[in-house]
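Novice: quick one, structure for this:
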Amino acid sequence: MDKLNIVEGRAYPFGMKNVDTDIVIPAHWLKTISRAGLGRGAFEVLRKEPGNVFDDPEYAGSPILIAGDNFGCGSSREHAAWALADLGIKVVIAPSFSDIFSGNAFKNGILTVVLPQEAIDRLMEVARTDPIHVDLEHQTVTTRFQDRFQFEIDPFRKHCLLGGLDEIGLTLGQADAIGAFEAKDAGARPWLAPAVA
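Specialist: Numbering: from 1, shown residues only. Have a look, this model is predicted:
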């Protein structure tokens, strides 16, 4: 997982409420076990509509998505987070998220920022013309118009995102402690040690 701290750029001014994971990535994309290429299927149903924000060249490659309340509801498919990441989205800002989606996003290096609806409305307005700045370390979302919105985040999630640590990275960070335990345990219970050929 890549480290995440400062994310700045244009944002998709999406704003739709109750976006379920079927909208984020339709079911027929779930046949793959690879994360690569899922961005092509992200918001596929909405992208069939002319003038949709996801195919507007002005927002191409935007690392931020501004959404409405209850984003990521529905099924628990991790493919939704994979599709967003493959689309290049590093931060989703909304008034609320499905717990399962928020957990999947975190495990895939995507920051979910909860802000009140008034802040979302303002960011939607700014996103139509200007970039948005997200600072995870200082837990702020700012604009060049002096808007400043503070957000909360679980300290453990913040630590992992800043350090680029997924479950494997966290485990590898304990390699010395694990090795010391195994050595001590092998001495205390030698009959469990694997046989040397």
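Novice: what's the longest helix along the chain packed up against?
Specialist: Longest helix in the chain by number of residues (criterion: DSSP state H): helix 175-188. For helix 175-188, the packing partners by 3 or more Cβ pairs under 8 Å, 6 or more residues apart in numbering; DSSP states H and E come out as none at all, with no helix or strand in contact. Bear in mind the C-beta positions are built from the backbone N, C-alpha and C, glycine included.
Novice: ok, and what's touching that helix?
Specialist: Identification of contacts with helix 175-188 by Cβ atoms under 8 Å, 6 or more residues apart in numbering yields 171, 192, 193.
Novice: helices along this protein, start to end?
Specialist: 21-24, 44-47, 79-87, 99-107, 117-127, 155-163, 167-172, 175-188.
Novice: who touches the fifth one?
Specialist: The set of residues external to helix 117-127 that reach it, using Cβ under 8 Å, 6+ apart, is 10-13, 15, 64, 66, 68-69, 93-95, 115, 132, 141, 143, 145, 147, 149.
Novice: residues contacting the residue most central in space within the chain?
Specialist: With distances taken as Cα atoms, centre = their mean, the residue of the chain nearest its centroid is residue 110 (1.7 Å). Residue 110 sits next to 81, 84, 85, 89, 90, 91, 92 when contact means Cβ under 8 Å, 6+ apart.
Novice: distance of the third one relative to residue 120?
Specialist: If you measure residue 85 against residue 120 using Cβ to Cβ, to the nearest Å, the figure is 22 Å.
Novice: and the second one, by the same measure?
Specialist: When Cβ to Cβ is applied, the distance between residue 84 and residue 120 equals 18 Å.
Novice: which one's more surrounded, these two?
Specialist: In this comparison of residue 84 against residue 120, neighbours counted by other Cβ atoms under 10 Å, the higher total goes to residue 84 at 26 against 22.
Novice: isn't the more buried one right up against residue 104?
Specialist: No - in this structure, residue 84 sits apart from residue 104 without contact. The criterion is Cβ atoms under 8 Å, and the distance is 9.7 Å.
Novice: pLDDT weak spots in this protein?
Specialist: 196-197 (pLDDT under 70).
Novice: ok, residue 139 - how many residues close by?
Specialist: Taking other Cβ under 10 Å as the neighbour definition, residue 139 ends up with a count of 14.
Novice: grab the nearest non-local neighbour of it.
Specialist: The spatial neighbour of residue 139 that comes closest, neighbours along the chain excluded (Cβ to Cβ, 6 or more residues apart in numbering), is residue 151 at 5.3 Å.
Novice: wait, the one you found touches residue 116, no?
Specialist: No - judged on Cβ under 8 Å, residue 151 makes no contact with residue 116 at a distance of 10.0 Å.
Novice: more neighbours, these two?
Specialist: residue 151 (17 against 10).
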